[in-house]
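[1] Sequence below, structure please.
(2 chains)
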Amino acid sequence: MNRKLPYKTPEGYFEALGARLSEIPQTAARRSAWDYIRPSLAYAALILFALGVGSLLFRSVPAAPVSAEADSYELMYYADLVPRTDPYAIFDAAEAPADADPYDSEDIVSYLIDSGTSLETINTLLYDY
Amino acid sequence: MDNLEQTFNEIVAKYRERLYWHIRSLVCSHEDADDVLQDCFVKIWKALPGFRGDSEFFTWAWRIATNEALNFLHKQKVRAALSFESLRTTLENRIDEDPWFDGDALQRDLAKAIVGLPEKQRLVFQMRYFEELSYEQISEITGTSVGALKASYHIAYEKIREKLKLSSL
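    Next up is the predicted model:
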């Protein structure tokens, strides 16, 4: 039996192969530069990703209301600031005119009743003067 | 062009064909041999500055090529297992479908019988029978003792003969 391998190659394969293999030093040099840069790029991408995620997390935390126009639901986060005598007043705060008197006589009466002032005294304070 | 690049080009010119046939005998198909050979020369280029001439260049290059081809076959083995096939079946199919196969029916049977051998027996058989390397050279390439190689070759030879039902190859 013939000891030659029973295979052949495409016409002109080895000539083309020689030219292709001779390019390896240049290709390998370019690849080496890329291999050198790649870890730095990976770290930069990781830092950018962490910053992006951090920024998104911060944005998702509700901010404190900074103006009278703030959403009334956000005001509920500050429940300790809701007036005991008229808790629903916070819903009207945004609509109230800027120069309006913040307390009317009804508020004053409610406050005095809550603070245990007698009706006689309240009557005297509000109406006798 | 520096000296290293010139040396590399000389190696390419001198060994590309023999290395191709060495790899082709192991991976069977032309396309696979082409890919593995390319990787092999990339490794040779990268390792060339560290080659100190402790061993003969031929042995060193053949060792790289053999390792590349065996790594390729190990990956093929995993792929074959994932599709519930054996590596042997995969390689036999490649031989049947190879448009660059250039032998008669008996040579096709021989090629199929060889891919059915265990890795070490196959390696020593290919290198001894087709490439006609000495046991000493094969020993340096594979890192196996000459005695073990002789035994492996003998077992491989008997298995193939049994398979082909031939009195002599």
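
[2] drop to CA atoms for contacts and neighbour counts, all remaining ones
    Will do.

[3] quick one: contacts for the residue nearest in space to the middle of chain B?
    Against the mean C-alpha coordinate of chain B, by Cα atoms, centre = their mean, the closest residue is B:Leu26 at 3.6 Å. If a contact means Cα atoms under 8 Å, 6 or more residues apart in numbering or on different chains, then B:Leu26 has B:69-70, B:123, B:126 as its contacts.

[4] any idea whether it is helix, strand or coil?
    helix (DSSP: H, G, I helix; E, B strand; the rest coil).

[5] ok, back up a step: closest to chain A among the contacts of B:Leu26?
    Checking these against chain A by Cα to the nearest Cα gives B:Gln126 as the nearest, at 9.4 Å.

[6] what about that closest one, how many neighbours?
    When neighbours are defined as other Cα atoms under 10 Å in any protein chain shown, B:Gln126 has 22 of them.

[7] Does it touch B:Arg24 like I think?
    No - with contact defined as Cα atoms under 8 Å, B:Gln126 and B:Arg24 do not form a contacting pair (10.4 Å).

[8] quick one on the thing from earlier: any chance of the contacts of B:Leu26 in TSV, plus secondary structure and pLDDT?
    Shown next, in TSV, are the contacts of B:Leu26 (DSSP: H, G, I helix; E, B strand; the rest coil; pLDDT from 0 to 100):
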residue	secondary structure	pLDDT
B:Ala69	helix	96
B:Leu70	helix	95
B:Leu123	helix	95
B:Gln126	helix	95
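
[9] closest to B:Ile141 among these?
    The shortest gap between B:Ile141 and any of the contacts of B:Leu26 belongs to B:Leu123, at 10.6 Å (Cα to Cα).

[10] Would you check how far apart the closest residue to A:Ser110 other than its chain neighbours and A:Val109 are?
    Counting by Cα to Cα, 6 or more residues apart in numbering or on different chains, A:Ser110 lies nearest to A:Thr85, which is 6.4 Å off, once chain neighbours are set aside. Remark: distance between A:Thr85 and A:Val109 (Cα to Cα, to the nearest Å) = 10 Å.

[11] B:Ala113 too?
    From B:Ala113 to A:Val109 the distance is 107 Å (Cα to Cα).
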